[in-house]
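K.L.:
here's my sequence, what's the structure:
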Amino acid sequence: MEILQQIWMGCWHTLMMMAPYLLLGFFLTGVLSVVMPVGLVKQHLARKGKGSVIKSALVGVPLPLCSCGVLPVATWIRRHGASKGATGSFLLATPQTGVDGFLVALSILGLGFALFIPAAAFISGIILGLILNRFPDEPQKIEEDAGVTQNTKPLLYRIFRHGYVTVAGDIAIPLGVGILLAGVLSAFVHPESFAEMGDGLWAKLMVVAAATPLYVCATASLPIGASMLVAGLSPGTVFVFLMAGPATNAATFTTISKLIGKKEAVTYLVCAIVLALVMGFVLDALAAYLPEISSIPIKEHMEHSWWNTVAAIVLVVVLVSGKVIRNRS
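P.N.:
Numbers count the residues shown, from 1 in each chain. Model prediction:
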């Protein structure tokens with residue numbers, strides 16, 4: 001019973017820390033969906049060259065799409081003329097972070113980590129895109145839209161619908177799993193158990209081997225990363241998990257191979273792993289110079305206001321209702 005209580009407390013305190021930021025993130029993603037329509041993405045990404053690679057990474061970083069959610073959008077821009085490089089840049093940069101992910105990272109990992117994640121996503125997306133641009137790229141048969149009907153729904157409805165139903169419903173299950181794993185880690189894992197692994201190559205290779213085949217969305221992986229940081233892993237080693245988990249999994253690989261080619265998909269996977277390791281070492285080298293990187297144990301972060309409690313309850317309602325509505329639609 002004591003272990004179950006520790007798990008429950010770890011889960012609940014994780015939820016309370018994340019809830020205010022995640023609720024705000026849902027709203028901001030709804031606004032983003034209105035001010036950045038698909039037509040704008042098409043206009044700037046459906047072109048070949050270095051410019052489209054940079055724009056793909058730049059557009060992809062703030063979008064709240066997980067490694068599976070990004071696939072339909074990447075398929076769409078590819079079929080509308082985007083180069084392999086632009087498509088690959090978008091595929092790698094997008095699932096690593098987002099507006100909601102930045103706010104959650106800020107709440108549980110600190111400003112330094114929150115700033116490094118999108119910067120690394122942007123840089124790694126550009127590097128991969130430039131590499132993929134070196135592959136032969138057959139001309140795409142550009143699909144033209146049959147027509148776009150004017151959206152008559154009120155602006156606030158579209159913002160709340162996208163943020164609190166579409167996005168919330170999409171991440172509800174992986175986020176719940178991430179919070180549960182964080183609770184389990186806080187109950188069973190002690191800091192000294194990973195202290196010897198620290199910040200070396202072996203620790204990073206072990207983490208990337210565990211994270212690469214799994215489906216872990218960026219936001220859902222953050223509470224797990226926080227627990228790993230508390231357990232004694234270096235910030236760079238934790239980052240390897242945060243990058244490799246969202247950017248790679250079996251479903252993503254098989255879909256990418258059909259989208260841009262098998263050799264290109266292998267290149268994508270290898271680059272994602274290598275870049276995760278390199279960025280991990282970069283973060284370890286820069287950690288002392290970055291703003292605060294939090295290492296407060298989730299189960300010991302006990303001081304919460306009534307607002308955190310209310311926000312946690314509202315978040316649970318939003319996630320459950322969003323998932324139910326998404327399943328029915």
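
K.L.:
ok, Lys50 - how many residues close by?
P.N.:
With neighbours defined by other Cβ atoms under 10 Å, the count for Lys50 comes to 14. To be clear about C-beta, it is placed using only N, CA and C from the backbone, and glycine gets the same treatment.

K.L.:
backbone dihedrals for it, both of them.
P.N.:
The phi and psi values for Lys50, taken as degrees, to the nearest 10, are phi -60, psi -30.

K.L.:
for it, give me its contacts.
P.N.:
For Lys50, the contact set (Cβ atoms under 8 Å, 6 or more residues apart in numbering) comprises 130, 133.

K.L.:
and it, how far from Val73?
P.N.:
Distance, Lys50 to Val73, using Cβ to Cβ, to the nearest Å: 21 Å.

K.L.:
tell me where the protein has strands.
P.N.:
Ranges of strands in the chain, per DSSP state E: none exist.

K.L.:
so the residue nearest the centre of it versus Leu63, what's the distance?
P.N.:
Among the residues of the chain, the one closest to the centroid is Ala218, at 2.5 Å (Cα atoms, centre = their mean). Per Cβ to Cβ, Ala218 is found 11 Å from Leu63.

K.L.:
identify the contacts common to those two.
P.N.:
With contacts defined as Cβ under 8 Å, 6+ apart, the residues shared by Ala218 and Leu63 are Gly98.

K.L.:
which one is Arg78 nearest to, not counting chain neighbours?
P.N.:
Of all residues not flanking Arg78 in the chain, Thr87 sits nearest, at 4.7 Å (Cβ to Cβ, 6 or more residues apart in numbering).

K.L.:
right, and that neighbour touches Thr255 too?
P.N.:
No. Thr87 is beyond contact range of Thr255, at 11.5 Å (criterion: Cβ atoms under 8 Å).

K.L.:
among those two, which residue is more densely surrounded?
P.N.:
Taking other Cβ under 10 Å, Thr87 and Thr255 do not tie; Thr87 has more neighbours (28 against 19).

K.L.:
now do the contacts for that one.
P.N.:
56, 74, 77-78, 132, 259-260.

K.L.:
just give me the closest of these to Ser321.
P.N.:
The nearest member of the contacts of Thr87 to Ser321, counting by Cβ to Cβ, is Ala74 at 28.4 Å.

K.L.:
can you pull out the low-pLDDT segments for the stretch 51-200 of the chain?
P.N.:
By pLDDT under 70, the weakly predicted segments of the stretch 51-200 of the chain are 66-69, 71-72, 76, 80, 138-151, 185-186, 189-199.

K.L.:
one more pass at 80, please.
P.N.:
63-77, 79-82, 100, 137-152, 167, 170-171, 174-175, 177-179, 181-199 (pLDDT under 80).

K.L.:
all helices for it, in order.
P.N.:
Ranges of helices in the stretch 51-200 of the chain, per DSSP state H, counting those that start in this stretch, are 70-79, 84-93, 99-108, 111-132, 155-161, 168-188.

K.L.:
buried set for the last one?
P.N.:
I take that to be helix 168-188. Residues 168-172, 174-187 are the ones in helix 168-188 that count as buried (16 or more other Cβ atoms under 10 Å).

K.L.:
distance of His162 from Val238?
P.N.:
When His162 is compared with Val238 (using Cβ to Cβ), they lie 30 Å apart.

K.L.:
comparing those two, which shows the higher neighbour count?
P.N.:
The residue with more neighbours, out of His162 and Val238, is Val238; 31 against 20, by other Cβ under 10 Å.

K.L.:
mind checking the longest helix of the protein?
P.N.:
In the chain, with assignment by DSSP state H, the single longest helix is helix 2-35.

K.L.:
buried residues in it?
P.N.:
Applying 16+ other Cβ under 10 Å to helix 2-35 flags 6-7, 9-30, 32-33 as buried.

K.L.:
same deal with stretch 259-274?
P.N.:
Residues 259-261, 264-265, 267-269, 271-273 are the ones in stretch 259-274 that count as buried (16+ other Cβ under 10 Å).

K.L.:
TSV for those, including pLDDT?
P.N.:
As requested, those are arranged in TSV below (pLDDT from 0 to 100):
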residue	pLDDT
Leu259	80
Ile260	85
Gly261	85
Glu264	90
Ala265	88
Thr267	93
Tyr268	91
Leu269	89
Cys271	92
Ala272	91
Ile273	91
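
K.L.:
out of the residues you listed, list just those in helices.
P.N.:
Those of these lying in helices (DSSP H): 259-260, 264-265, 267-269, 271-273.

K.L.:
Ala210: which of those is nearest?
P.N.:
Using Cβ to Cβ, Ile273 is the member of those that lies nearest Ala210, at 12.2 Å.

K.L.:
excluding covalently adjacent residues, which one is nearest to the closest one?
P.N.:
Spatially, and ignoring its direct neighbours in sequence, Ile273 is nearest to Val208 (5.7 Å; Cβ to Cβ, 6+ apart).

K.L.:
could you count how many residues lie near the one you found?
P.N.:
22.

K.L.:
output stretch 94-109 in CSV with nothing but the alpha carbons.
P.N.:
Once non-C-alpha atoms are left out, stretch 94-109 reads as follows in CSV (Å, rounded to 0.1, in the frame of the first residue of the first chain):
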residue,chain,number,x,y,z
THR,A,94,8.3,18.9,-35.4
PRO,A,95,7.7,15.9,-33.0
GLN,A,96,10.6,16.9,-30.6
THR,A,97,8.8,19.9,-29.2
GLY,A,98,5.9,22.4,-29.6
VAL,A,99,4.3,25.3,-27.9
ASP,A,100,2.7,23.1,-25.2
GLY,A,101,5.9,21.1,-24.8
PHE,A,102,8.0,24.2,-24.3
LEU,A,103,5.7,25.3,-21.5
VAL,A,104,5.7,21.9,-19.8
ALA,A,105,9.5,21.7,-20.1
LEU,A,106,9.7,25.1,-18.5
SER,A,107,7.6,24.0,-15.6
ILE,A,108,9.4,20.7,-14.8
LEU,A,109,12.9,21.0,-16.3
